[in-house]
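Predicted model and sequence follow; I will ask about them next.
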Amino acid sequence: MFVLQKMATISSIPLSVPFIKPYSTCFPPTRSRFTSIPNPIKVLAMYCKNRSLVSTASAVATDSSETAISLPNENSEQTQNEEKEKIVLPTNDSSERLLRIRHTCAHVMAMAVQKLYPDAKVTIGPWIENGFYYDFDMEPLTDKDLKKIKKEMDRIIGKNLPLIREEVSRDEAQRRIMAMNEPYKMEILESINEEPITIYHIGNEWWDLCAGPHVESTGNINRKAIELESVAGAYWRGDEKKQMLQRIYGTAWENVEQLKAYLHFKEEAKRRDHRRLGQDLDLFSIQDDAGGGLVFWHPKGAIVRHIIEDSWKRKHIERGYHLLYTPHVARADLWRISGHLDFYKENMYDQMNIEEELYQLRPMNCPYHILIYKRKLNSYRDFPIRVAELGTVYRYELSGSLHGLFRVRGFTQDDAHIFCLENQIKDEIRGVLDLTEEILLQFGFNKYEVNLSTRPEKAVGDDDIWEKATSALKDALDDKGWTYQIDEGGGAFYGPKIDLKIEDALGRKWQCSTIQVDFNLPQRFDITYIDSNSEKKRPIMIHRAVLGSLERFFGVLIEHYAGDFPLWLSPVQARVLPVTDTQLEYCNEVTNKLKENGIRAEFFHGERLPKLIRNAEKQKIPLMAVVGPKEVETHSVTVRSRFGGELGTMDVDDFINRIKSATENRTLL
């Protein structure tokens, strides 16, 4: 939660390995070397039509087992109803063979690089979620260089060289590294505490410090199931003050069919990339003149945000939450009390001197909500107290880690805090789970991965309250009937938590929702209540977010729907199109009537009808109302739907009523 490591700064980010992390509500959990990213491999289905993405009345919690990608069957005609070949893609967790292949591929790639570029210095080369990478200190590489490296890798694999494990003393390892003039290996050796030192050889031609595991020989790798994907810049040890390295990313699979399925998925993910769609559909931008990681919501994107916010507020008010608005800055002392200045300073912006006092842009909303709680003396009869805010926060991120809407420097959290009694924890957690399901379902997310993290070795709070809180979280999940996994010792030091990842149309997992019990901030801010015996007691504090960050959630929505938003969420619901200029006046009347009835409509003309229709299709407008002489005469429109095809001619009032009904019920027209 408190201590954060600097992440690697990447000068360009490959599609398959985005640096994306979910945003936490209070102090973020400790950041590992690799940030949390959606799993791009566990793909349930390749949805080609957005009409497949209709929310259902209930959600299911899933486990993290391997799943399948649907690929067209090349031996049959590709029709909409054709049978699809299911390709099951294993993961590093589900297949030790795959993990060994990927780890060995990293070594083979490093060997190939040093054979082609003898002056290149090697650093580290781990397996990752969809393949492997290796960092080199060398001159910048190009795509043409990657082809040469892959060709050399194929040659090494074809020689069927054995992978040989050797144990040596620290002094012997040091002697060999010095003889090879590999300074990065020496630094890695110094960080290894265990002895003896293990080395892996590829035949008698190349070796590296490594603990394994690997395949028995390079011949166990299918060279046709490997592809080098991209090259990027990465600072050594993730420190921007250190040497910029060349990082080569590759993907590796057990067979060619798996590689094809992965590449098919990758192309679909590229088609859905929110950064490209955000520009094509004029939804948002990040302006260089304003600075990196700062999001500009364009009119269309702002409309979608308004719809999200309006729905979020209504549902929270219905559930007994009090809405708040709090300042974007506060005196620095507030963040000293909260602990952020001691443990989170590297992710906070510099302080501002205002009239001889230091002020700080807020990185979190939690201390503000506590101050509102403390404004009066609370009684046990007042509980539970639920407060919620769409609060914008600011966090410093390295420029190389910024990634569209997924990693930004200013973002708005759907933040809420619940102050309650010990015996209310279970019911409040269950209420949060129900609210989370209700909100996520309306956006089309009905499959979740749920994790419960328990007390770590170092924690604040008595054993008794930890046990009660953890049991309450478990009981709430059991009552909900959701499958969940327990991450023993994976909780924040301030309390146990539940993390929920939503699954998008490509089967990728995105962490948005989190529920955290906090024993730390109530103590730091000394918040109390008066119990039934007129004694002061400390309340339980629960942090929770459903969507996480509005910016990040919007990016997920764009990719989930490929920009093809459902009617109720679409920034423009209907576009009125004339057959000729003689219908302009009537088209204006229709457009105005649609707007008067709360329908997001616009009127386009000036081109031939086929081009007007094509442009509306490119802009992913759900409904087109075509107007010709007959429609003017009968006071009607002919409706064309992106999802339902030609819907025929209908009276304007009927058209309006059908849009209203579909919007209210979150259905198609």
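Nice, I can see it. Numbering: from 1, shown residues only.

where exactly do the strands run in the stretch 301-450 of the chain?
For the stretch 301-450 of the chain, the strands defined by DSSP state E, counting those that start in this stretch occupy 322-323, 329-331, 352-354, 357-361, 385-394, 410-420, 447-453.

Throw these into CSV and include mean neighbour count, thanks.
All C-beta spots, glycine's among them, are computed from the backbone N, C-alpha and C. Output for the strands of the stretch 301-450 of the chain, formatted as CSV (neighbours: other CB atoms under 10 Å):
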stretch, mean neighbour count
strand 322-323, 13
strand 329-331, 15
strand 352-354, 11
strand 357-361, 17
strand 385-394, 20
strand 410-420, 24
strand 447-453, 20
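
Now do stretch 384-399, average pLDDT.
Stretch 384-399 carries an average pLDDT of 95.

next one: stretch 183-193
92.

So which bits of that stretch are buried?
Within stretch 183-193, the residues that count as buried by 16 or more other CB atoms under 10 Å are Tyr184, Lys185, Ile188, Leu189.

Also stretch 458-476?
Ala459, Gly461, Ile465, Trp466, Lys468, Ala469, Thr470, Ala472, Leu473, Lys474, Ala476.

ok, back up a step: out of the buried residues of stretch 183-193, which are inside helices?
Residues of the buried residues of stretch 183-193 located in helices (DSSP state H): Tyr184, Lys185, Ile188, Leu189.

Nearest to His274 among those residues?
Tyr184 (35.8 Å; CB to CB).

And that closest one, how far from Asp310?
53 Å (CB to CB, to the nearest Å).

okay, and for the stretch 201-350 of the chain, where does confidence drop off?
Judged against pLDDT under 70, the stretch 201-350 of the chain has no low-scoring part.

on that earlier part again, out of the buried residues of stretch 183-193, which comes closest to Asp427?
Distances from Asp427 to these, taken by CB to CB, are shortest for Ile188, at 51.1 Å.

tell me the contacts of Ala106?
Contacts for Ala106 (CB atoms under 8 Å, 6 or more residues apart in numbering) come out as Gly125, Pro126, Trp127, Phe132, Tyr133, Tyr134, Gly250.

The last one and Leu99: what is the separation?
Distance, Gly250 to Leu99, using CB to CB: 14 Å.

next one: the fourth one
Counting by CB to CB, the separation of Phe132 from Leu99 is 10 Å.

So between the two, which is more surrounded?
Using other CB atoms under 10 Å as the criterion, Phe132 and Leu99 rank with Phe132 on top: 25 against 19.

Pop out the phi and psi values for the nearest residue to the more buried one once chain neighbours are set aside.
Excluding its sequence neighbours, the residue lying closest to Phe132 (CB to CB, 6 or more residues apart in numbering) is Ala106, at 4.0 Å. Reported as degrees, to the nearest 10, the phi and psi values for Ala106 are phi -60, psi -40.

just Ser217 next, same as before
phi -150, psi 160.

Same check on Arg395?
phi -140, psi 140.

wait, what's in contact with it?
Taking CB under 8 Å, 6+ apart, we find Arg395 in contact with Asn347, Met348, Pro363, Arg409, Phe411.

State the distance from it to Asn347.
Arg395 is 5 Å from Asn347, by CB to CB.

From start to finish, how long is stretch 637-646 in a straight line?
One end of stretch 637-646 sits 12 Å from the other (CA to CA, to the nearest Å).

So which bits of it are buried?
Val637, Thr638, Val639, Arg640, Ser641, Arg642, Phe643.

Out of these, which comes closest to Asp239?
Distances from Asp239 to the buried residues of stretch 637-646, taken as CB to CB, are shortest for Arg642 (48.6 Å).

What about the spatially closest residue to that closest one that is not a sequence neighbour, how many residues nearby?
Nearest non-adjacent residue to Arg642, counting by CB to CB, 6+ apart: Pro622, 5.4 Å away. Residues lying near Pro622 (other CB under 10 Å) number 27.

try Asp350
As a measure of burial, Asp350 has 10 neighbours, counting by other CB under 10 Å.

quick one: it and Glu129, what's the gap?
For Asp350 relative to Glu129 (CB to CB), the value is 35 Å.

Likewise for Asn365?
31 Å.

between the two, which one's more packed in?
Neighbours per residue (other CB under 10 Å) separate Asn365 from Glu129, with Asn365 holding more: 26 against 17.

Could you tell me which of the contacts of Ala106 belong to helices?
Using DSSP H, no member of those sits in helices.

mind showing which ranges of the protein have poor pLDDT?
In the chain (pLDDT under 70), the answer is 1-58, 62-86.

repeat that for 50
Within the chain, the ranges that satisfy pLDDT under 50 run 1-23, 29-56, 67, 70-84.

which stretch of helix or strand covers the most centrally placed residue in it?
A centroid search over the chain (CA atoms, centre = their mean) returns Trp510, at 4.4 Å, as the residue closest to the centre. Take DSSP states H and E as the rule and Trp510 turns out to sit in strand 509-518.

Tell me which other helices or strands that strand touches.
Packing partners of strand 509-518 (3 or more CB pairs under 8 Å, 6 or more residues apart in numbering; DSSP states H and E): helix 425-442, helix 463-480, strand 497-503, strand 540-549, helix 550-561.

what's the helix or strand that comes right after the last one in contact with?
Looking back up the chat, that one is helix 550-561. Next helix or strand after helix 550-561 toward the C-terminus (DSSP H and E): strand 574-578. Residues from elsewhere that reach strand 574-578 (CB under 8 Å, 6+ apart): 584, 587, 590-591, 594, 599-605, 609, 612-613, 616, 619, 621-628, 637, 659.

Adjacent strands (with direction) for strand 574-578?
strand 601-603 (parallel), strand 623-627 (parallel) (DSSP bridges).

Using CSV, lay out these together with mean neighbour count and distance to Glu216.
Listed next are those as CSV, based on neighbours: other CB atoms under 10 Å; distance: least, CB to CB, whole Å:
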stretch, mean neighbour count, distance to Glu216
strand 601-603, 20, 64
strand 623-627, 25, 60
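
of all these, which lies closest to Met138?
Nearest of these (CB to CB): strand 601-603, 53.2 Å.
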